[in-house]
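>>> Fold the following, please.
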Amino acid sequence: VLGSGGLIGRTLAAWLIERGYEVEHVKNRNHIDLRVPGALDRFNSSQISYCFFLACEVGGSKFIESSNEEVQTGIIDSNVRIYQTVL
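Residues are numbered from 1 along each chain as shown. The predicted structure is shown next:
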């Protein structure tokens, strides 16, 4: 579960575990930084059947409250880098 540290990812991971699934976690960028090419290479030898892609830089209040273009474009850039690495 990419993004298992977030609200939806955490809930999904718990739901899967309760039903007996083995879950690999990518909680947040402090755990595995998905913006870095090759960040998911550690899973290459894993027998993964499904991947739930819930990781995203949402920005929270710093995005909503900021009129600073650098903050907003920084969040968008971060998401583009995540998508490039994962997809």
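
>>> quick one, helices of the chain?
With DSSP state H as the criterion, the chain has helices at 7-18, 60-64, 69-86.

>>> Using CSV, lay out those helices together with mean neighbour count.
All C-beta atoms are positioned from the backbone trio N, CA, C, and that covers glycine. Below are these laid out as CSV (neighbours: other C-beta atoms under 10 Å):
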stretch, mean neighbour count
helix 7-18, 14
helix 60-64, 11
helix 69-86, 14
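
>>> Roughly how far does E18 sit from S78?
32 Å (C-beta to C-beta, to the nearest Å).

>>> before we move on, what about L2?
14 Å.

>>> can you pull the contacts of G6?
By C-beta atoms under 8 Å, 6 or more residues apart in numbering, the contact set of G6 is 28, 54-56.

>>> returning to what we had before: could you say which one of the helices of the chain comes nearest to F43?
helix 69-86 (11.3 Å; C-beta to C-beta).

>>> Can you name every helix or strand that the closest one contacts?
helix 60-64 (3 or more C-beta pairs under 8 Å, 6 or more residues apart in numbering; DSSP states H and E).

>>> ok, now which ones touch L12?
When contacts are counted by C-beta under 8 Å, 6+ apart, L12 touches 1, 4, 52, 54.

>>> residue furthest from the geometric center of this structure?
Relative to the centre of the chain, and counting by C-alpha atoms, centre = their mean, the farthest-placed residue is S67 at 25.3 Å.

>>> Considering the contacts of L12, which possesses the most neighbours?
Using other C-beta atoms under 10 Å as the neighbour criterion, V1 leads those with 26 neighbours.
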